[in-house]
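Engineer: Can you look at this prediction? I've put the sequence above it.
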Amino acid sequence: MRLPKILLVDNDKALVASVSDHLRSYVDCLGATSYDEAISLLEKEEGIALVISEMRMPGRDGFDLLLWLRENRPKIQMVMTTAYGSPLVKSLAKQKGAVMYLEKPLNPKQVKDTVQVILEHKGFSVAIQDMEFTDLFQFLSFSGRAVKVIVTNTIGEEGEIGLEGDNVLWVRTKSHIGEEAFYDIVQWEGGGFEMRPLREEDRVREGAVISLSYLLIEGARRKDEGIRPELKEGHAGGGKDGEKSAARRRQSTNRESLNTIFEELTAEIPDVLAAEIVNIEEGTPLVVSAGNPAFDPEIAAAYYSEMLKVNKKALAVLKKGKRLEEVLLTVDDFYLILRLLPDTRFAVCFALSRKGNVGMARMEIKKFAKRFVDALPAD
């Protein structure tokens, strides 16, 4: 009996050899250590059903390979492997099931189990031709690139997104700018997806930087609930379904943009060095406003999260106080305010210069807390 054929792509030759050897009795496993070698095999070999590729490789990488497959071999399925990536996007990938993901270091048995699930159709998997824009953005988030993405839908509408890794610098469509423009794009079905290097003049941020991970999760929520940015109340159709759809849109309209609220708060507080909303459990930034390069958003988010966790543990040991509300740290040249958002896994974190008014800043952050809670993505 002919074995199913798969292609494993990774610039680590030893890993390719090891995993291929482990899979040998179950599949015909071809190996490639670069984008060019992978393309050569895909053009030469027939019957490849699955590609397992490392996302980040020297030169052209796994995302380039994904785009090539989408254009030239759309029926092939793909699994992404990487040691990098946003925990929020991993969470979304697991929830939605649309993007298969394996985290390094790879466990050969885990790889075999994943291949078996896909090839025997025991679990949900998606051919590249069936991927939506959100699936492509999930892959792109892992790649860590600085790119300009141009998306077109089947009726010729166009959107542009400026990305640096998981940070969204700006989004534009004909009808919207910013967060709502992204929600326009994720509603589109079919069309083109083009990627270009981000030029220096395109790196200018429009408002606070927001996490692509957050936009993907919120965009998926809106799409699942049938909330469309361009629809107006009264266009929902008749009957109970129409009433429910209209109600959901009213809820979405009332639900403020997290990015907008964050920009409003940072504008109220002078002398801000850096600010972000942080996922405490995962140590990752959700929304960022970083004016001072000394405060790297990813590093700072991990540090802030650890500080909050340590203080929570201290309260538990001391058996004093029921709930941690805020941590204030004063050092020689800045203040650090970490405000937990009640009943969520998020915190608002501000670094202020010593000439700033820390009392006023704390009051403003506390005042905005409920609005943030209402706008945060649902778990």
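Structural biologist: Happy to help now that I have it. Every value quoted in this text rests on a predicted model; they were computed, and no experiment measured them.

Engineer: Tell me who's in contact with the closest residue to residue 206 other than its chain neighbours.
Structural biologist: With C-beta to C-beta, 6 or more residues apart in numbering as the criterion, residue 206 has its nearest non-adjacent residue at 4.0 Å, and that residue is residue 170. Just so you know, the C-beta spots here come from the backbone N, C-alpha and C atoms, and that holds for glycine as well. Taking C-beta atoms under 8 Å, 6 or more residues apart in numbering, we find residue 170 in contact with 160, 161, 162, 177, 178, 204, 205, 206, 207.

Engineer: The stretch 101-250 of the chain: strands as residue ranges?
Structural biologist: For the stretch 101-250 of the chain, applying DSSP state E, counting those that start in this stretch gives strands covering 146-152, 158-164, 167-173, 192-197, 209-211.

Engineer: Show me how the protein divides into domains.
Structural biologist: Residue ranges for the domains of the chain, per automatic domain parsing: 5-138, 145-224, 258-375.

Engineer: Could you dump these into a markdown table with mean pLDDT added?
Structural biologist: Formatted as a markdown table, the domains of the chain follow (pLDDT from 0 to 100):
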| stretch | mean pLDDT |
| --- | --- |
| domain 5-138 | 80 |
| domain 145-224 | 82 |
| domain 258-375 | 89 |
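
Engineer: what residues does the helix or strand residue 312 falls within touch?
Structural biologist: Counting by DSSP states H and E, the element that carries residue 312 is helix 297-318. Identification of contacts with helix 297-318 by C-beta under 8 Å, 6+ apart yields 167, 209, 274, 276, 278-285, 288, 290, 321, 324, 327, 329, 336, 338, 340, 347, 349, 351.

Engineer: So which bits of it are buried?
Structural biologist: The neighbour-count check on helix 297-318 (16 or more other C-beta atoms under 10 Å) flags 297, 298, 300, 301, 302, 303, 304, 305, 307, 308, 312 as buried.

Engineer: cool, and stretch 52-66?
Structural biologist: For stretch 52-66, burial by neighbour count (16+ other C-beta under 10 Å) applies to 52, 53, 54, 55, 56, 57, 61, 62, 63, 64, 65, 66.

Engineer: Most widely separated two among the residues you listed?
Structural biologist: Greatest spatial distance among the buried residues of stretch 52-66 (C-beta to C-beta): 52 and 64, at 15.6 Å.

Engineer: Quick check: the gap between residue 316 and residue 322.
Structural biologist: Counting by C-beta to C-beta, to the nearest Å, the separation of residue 316 from residue 322 is 10 Å.
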